[in-house]
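Student: Predicted model, plus sequence, below.
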Amino acid sequence: MQAKMTWLGMKTFLLKAWAWLKTHWYVPVLFIIAALLTLFTKGDAVNPILDLMDRNRRNYEDRVKVLEENRENEIRRSELVRTKFDETIRQIERQHSESSSSLDRKKRQRVKELVENFHQDPRSLSEALEKEFGFKNVE
């Protein structure tokens, strides 16, 4: 029983190692080349390879940084759209509460669509809301 468990563990390890090798085959190849070059050229030929690896690492880090910045910008834009939507809904409900009517679900959805479509251009949003609901936005 113990030997079977050891064999299963070894088999799992070898399968994981093989999967890693299939994905990252260039790492052991680079190490073998670096070892051979170091052995035959006394280390002079290894420096360009190390520089290449360092440049690739820095490029990767730069790409990850850009992706993270884009994600943060997208989150900020989404929050901005949400606050603009909430603000517009409150304003419309306040104006309609005087006539004691509240927005139904379809109107709320339409306002949400308008805010999402015109969130970059407040003037166009005001015009669309005026056209859609028949009230003027006084600034």
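Tutor: Structure's in. What do you need? Numbering: from 1, shown residues only.
Student: how's this structure carved up into domains?
Tutor: Domain assignment for the chain, taken from automatic domain parsing, gives 1-44, 47-139.
Student: Among the ones you listed, show me which one is buried the most.
Tutor: Among the domains of the chain, domain 47-139 has the highest mean neighbour count (mean count of other CB atoms under 10 Å), at a mean of 12. No exception for glycine: its C-beta is placed from N, CA and C like everyone else's.
Student: Check the gap between residue 39 and residue 123 for me.
Tutor: 71 Å (CB to CB, to the nearest Å).
Student: Also residue 11?
Tutor: Here residue 11 is placed at a distance of 67 Å from residue 123 (CB to CB).
Student: repeat for residue 68
Tutor: Distance from residue 68 to residue 123, by CB to CB: 33 Å.
Student: what's the spacing between residue 12 and residue 19?
Tutor: 11 Å.
Student: and if you look at residue 128?
Tutor: 54 Å.
Student: ditto for residue 72
Tutor: Going from residue 72 to residue 19 by CB to CB gives 33 Å.
Student: How about residue 116?
Tutor: Distance, residue 116 to residue 19, using CB to CB: 43 Å.
Student: Check residue 132 too.
Tutor: Between residue 132 and residue 19 the computed distance is 56 Å (CB to CB).
Student: which stretches of the protein form helices?
Tutor: 2-23, 26-41, 46-97, 105-117, 122-133 (DSSP state H).
Student: got those as JSON lines, with mean pLDDT columns?
Tutor: Compiled in JSON lines, these are given as follows (pLDDT from 0 to 100):
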{"stretch": "helix 2-23", "mean pLDDT": "83"}
{"stretch": "helix 26-41", "mean pLDDT": "84"}
{"stretch": "helix 46-97", "mean pLDDT": "86"}
{"stretch": "helix 105-117", "mean pLDDT": "81"}
{"stretch": "helix 122-133", "mean pLDDT": "79"}
